[in-house]
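# The following comprises the amino acid sequence and a computationally predicted model.
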Amino acid sequence: MSSTDEYSLHKRLGYKVSRLARLMEARLEAMMGDLGITRMMWCVLSGVGLEDVTTPSDLARYIGIARPTVSRVLREMESKGLIRRIGAEGDGRCVKIRLTDRGMSMLQKCRPLVDQLNAHFGSKLNPGDLEAILAQLDALAEGETRELTSI
């Protein structure tokens with residue numbers, strides 16, 4: 001590498017995006033920690049309770065993670081009484097996920113925290129810039145299909 005090929009970690013897209021993601025994740029985990037809810041659990045709560053995503057496979061696609069990861073989170077949430085799995089009529093292989101009353105209550109407690117987090121970071125930009133950044137992030141992720149084990 002020549003001296004004209006400067007490298008600065010702190011100027012790299014991957015570093016900047018990863019650092020911001022970790023900052024947001026840490027803040028959200030701290031906000032929801034007392035409730036016993038993880039970011040992944042929030043994704044399930046919001047998917048099922050706000051966007052009617054009701055099967056484990058659809059949840060995996062919705063969140064963008066591998067199916068076994070969703071299964072692990074669902075087991076944990078079921079043990080906490082947040083969700084219940086319901087077999088589809090006549091087909092034990094097709095499971096529907098529903099929030100319990102406790103799960104709905106937790107969704108209602110967590111939603112303002114997530115909104116607060118987004119407002120905190122979003123308020124650092126003018127609305128047009130925020131919309132542009134969100135569109136550019138979508139463009140950067142376009143066509144990338146790798147399933148993640150977590151988000």
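In hand now; what should we look at?
# Please list the outside residues in contact with the helix or strand harbouring residue 24.
Using DSSP states H and E, the element containing residue 24 is helix 13-33. Residues outside helix 13-33 that contact it (CB atoms under 8 Å, 6 or more residues apart in numbering): 9-10, 38-39, 42, 110, 113-114, 116-117, 120-121, 137, 140. No exception for glycine: its C-beta is placed from N, CA and C like everyone else's.
# Do a quick rundown of the strands in this structure.
Counting by DSSP state E, the chain has strands at residues 83-88, 91-99.
# I'd like those strands as TSV, with mean pLDDT and mean neighbour count appended.
Converted to TSV, the strands of the chain look like this (pLDDT from 0 to 100; neighbours: other CB atoms under 10 Å):
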stretch	mean pLDDT	mean neighbour count
strand 83-88	88	14
strand 91-99	81	13
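# Please render those as JSON lines that adds distance to residue 21 to the earlier fields.
Formatted as JSON lines, those follow (distance: least, CB to CB, whole Å):
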{"stretch": "strand 83-88", "distance to residue 21": "26"}
{"stretch": "strand 91-99", "distance to residue 21": "26"}
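# looking at these, which is closest to residue 52?
strand 91-99 (10.4 Å; CB to CB).
# rewinding a little: and the two most separated of the contacts of helix 13-33?
9 and 110 (33.8 Å).
# of those two, who's got more company?
Neighbour count, other CB atoms under 10 Å: between residue 9 and residue 110, residue 110 has more, with 20 against 8.
# show me what contacts that one?
Listed by CB under 8 Å, 6+ apart, the contact set of residue 110 reads 32, 35, 37, 42, 45.
# Also residue 100?
Here residue 100 is in contact with 81, 82, 83, 84 (CB under 8 Å, 6+ apart).
# Show the average pLDDT along the helix holding residue 24.
When pLDDT is averaged along helix 13-33, the result is 95.
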